[in-house]
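[1] No letters, just coordinates:
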């Protein structure tokens, strides 16, 4: 193993943290979780999904406060033959994922405000690190065993590795909506994004078991730094010393939003929303960086892609409504610090939803969402993956009072595994696979004055 290989592995392991995934959170309301097709919404969550549709609200103030609890498991499998552990699991727990909506309507005019985590919102904790951290360490025994002139037999290694990262893009949105007629409305909005990413990780206590009696090595585990210093190899000792990263990244951006809403015939709603693609850079605020990859003050491209969203909602009967949503994300136009070169085609979502009024006070709903990404295998890495998915959700609304609603929902996301083959010279090429599951629950209250 060449001297540079281990350092390169450590650097790449940390550097992957700097790149964003495809960034938009569409789960901006509890209604969405139980329905999954909200682009033609005329409820209070239209603040986000269909601002022009707010003109269908009744006159007065409308308020809603929602929370989602989301639990995700990320698994990385790596088949590299020297690893002690080939499965790495990261837990993402988001007990509080709040969204808030407010609107005031008078005649055909509506002003509204929305708040929510428009991207990120979770903290991933890999308690055993990741393959990109461990693979360089796993090669140390083979390197020492083949090191001339002694060829010291070494068969084991151990290390204390951990990584925790979080990312959240807070969105604050204001809209103005106006109904030009009973069948046509338009709206313009602006969303302010405040992005905050944090990364904390360490790689320490690297141990090996060299066995060479002339040097007093018995096969017991000893610090790798001790071995290399004793062998007169201070450069190697420097590479295996404890390393840590503690970095915060921040950035802000504004997103203009246009919305149209049409009611061509009674019972049929059609919508169009366009969100501008937005340049966003996050700047490093570095406390600790033993890798040299997060210089304080460095800026990284983390754009939010443009969105084209279409929706249709139809009253099949007086009790049953059916909805369709189409969303198209212009990912290929984004600047993700070079990672966009691995985006083969733009991503899209298709959602179907049904809502049934069981009684005057209880409505049931269910939906399905298909999300597909056009990403090359090289886009994925062990720290950041974007996987195509199928989502199902269901829930209900209960009218507690004439002006107070309770919404409950639950959803499950099944992801499609992704994998790629990685070359580790001189050991050959090995497969790395990415898996994920997500479940969530939501509770929301809506109030009208």
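    Nice, thanks for sending it over. Here the structure is a predicted model, which is why all the values come from computation and not from measurement.
[2] mind checking pLDDT for the residue nearest to residue 303 when sequence neighbours are not counted?
    Leaving aside its chain neighbours, residue 303 sits nearest to residue 334 (3.9 Å; criterion: Cβ to Cβ, 6 or more residues apart in numbering). C-beta here means a position set from N, CA and C on the backbone, and glycine is covered the same way. Reading off the per-residue confidence, residue 334 sits at a pLDDT of 86.
[3] cool, residue 233 as well?
    The per-residue pLDDT reported for residue 233 equals 90.
[4] That one: what's it in contact with?
    Going by Cβ atoms under 8 Å, 6 or more residues apart in numbering, residue 233 touches no other residue.
[5] same check, this time on residue 176
    The contact partners of residue 176, by Cβ under 8 Å, 6+ apart, come to 109, 110, 111, 187, 188, 189.
[6] Quick one: which of the residues you listed is the most crowded by neighbours?
    The member of these that has the most neighbours, counting by other Cβ atoms under 10 Å, is residue 110 with 27 neighbours.
[7] doesn't residue 280 make contact with the residue nearest to residue 303?
    No: when contacts are counted by Cβ atoms under 8 Å, residue 334 is not listed as touching residue 280 (9.2 Å).
[8] To which secondary structure element is the closest residue to residue 298 other than its chain neighbours assigned?
    Distance criterion Cβ to Cβ, 6+ apart; nearest residue to residue 298, sequence neighbours excluded, is residue 284 at 4.8 Å. Assigning secondary structure by DSSP states H and E places residue 284 in strand 281-289.
[9] What average pLDDT does that strand get?
    Mean pLDDT, taken over the full extent of strand 281-289, equals 93.
[10] who touches that strand?
    Strand 281-289 is touched from outside by 195, 197, 244-251, 294-302, with contacts defined as Cβ under 8 Å, 6+ apart.
[11] starting at the chain centroid, how far to that strand?
    Between the centre of strand 281-289 and the centre of its host chain there is 20 Å, according to Cα atoms, centre = their mean, to the nearest Å.
[12] same question, stretch 371-383
    Going by Cα atoms, centre = their mean, the spacing between the C-alpha centre of stretch 371-383 and its chain's C-alpha centre is 12 Å.
[13] who touches the residue minimising distance to the centre of the chain in this structure?
    Centrality entry for the chain: nearest residue to the mean C-alpha point is residue 120, 4.8 Å, by Cα atoms, centre = their mean. For residue 120, the contact set (Cβ under 8 Å, 6+ apart) comprises 23, 25, 166, 167, 168, 169, 195, 197.
[14] And residue 269, by the same measure?
    The contact partners of residue 269, taken as Cβ under 8 Å, 6+ apart, are 40, 42, 53, 56, 261, 262, 263, 311, 312, 313, 314.
[15] if we take the residues you listed, which one ends up nearest to residue 232?
    Residue 232 has its nearest neighbour among those in residue 311, at 69.6 Å by Cβ to Cβ.
[16] Tell me how many other residues crowd the closest one.
    A total of 25 residues lie near residue 311 under the criterion other Cβ under 10 Å.
[17] any idea which helix or strand carries residue 38?
    Under the criterion of DSSP H and E, residue 38 resides outside all helices and strands.
[18] Please look at it and residue 50 and confirm they touch.
    Yes: proximity of residue 38 to residue 50 meets the contact threshold set by Cβ under 8 Å, at 7.5 Å.
[19] Can you list the buried residues in the host helix or strand of residue 327?
    Using DSSP H and E, the element containing residue 327 is strand 320-329. Judged by neighbour count using 16 or more other Cβ atoms under 10 Å, the buried positions of strand 320-329 are 321, 323, 324, 325, 327, 328, 329.
[20] do stretch 188-205 as well
    Result for stretch 188-205 [16+ other Cβ under 10 Å]: buried residues 189, 191, 193, 195, 196, 197, 198, 199, 200, 201, 202, 203.
[21] Pairing partners for the helix or strand the fourth one falls within, with directions?
    Under the assignment given by DSSP H and E, the secondary-structure element containing residue 195 is strand 184-208. Strand 184-208 sits in its sheet next to strand 157-181 (antiparallel), strand 222-223 (antiparallel), strand 243-262 (antiparallel), going by DSSP bridges.
[22] what would the contacts of residue 120 look like in TSV with pLDDT?
    As requested, those are arranged in TSV below (pLDDT from 0 to 100):
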residue	pLDDT
23	72
25	88
166	82
167	85
168	88
169	92
195	92
197	90
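[23] rank the strands paired with strand 184-208 by mean pLDDT and give me the bottom one.
    Set side by side, the strands paired with strand 184-208 give their lowest mean pLDDT on strand 157-181, at a mean of 92.
[24] thinking again about what came up before, what's the overlap in contacts for residue 334 and residue 280?
    With contacts taken as Cβ under 8 Å, 6+ apart, residue 334 and residue 280 have 301, 303, 304 as neighbours in common.
[25] any idea how far the nearest residue to the first one once chain neighbours are set aside is from residue 265?
    With sequence-adjacent residues excluded and distances taken as Cβ to Cβ, 6+ apart, residue 301 is closest to residue 335, at 3.7 Å. Distance of residue 335 to residue 265, computed by Cβ to Cβ, to the nearest Å: 43 Å.
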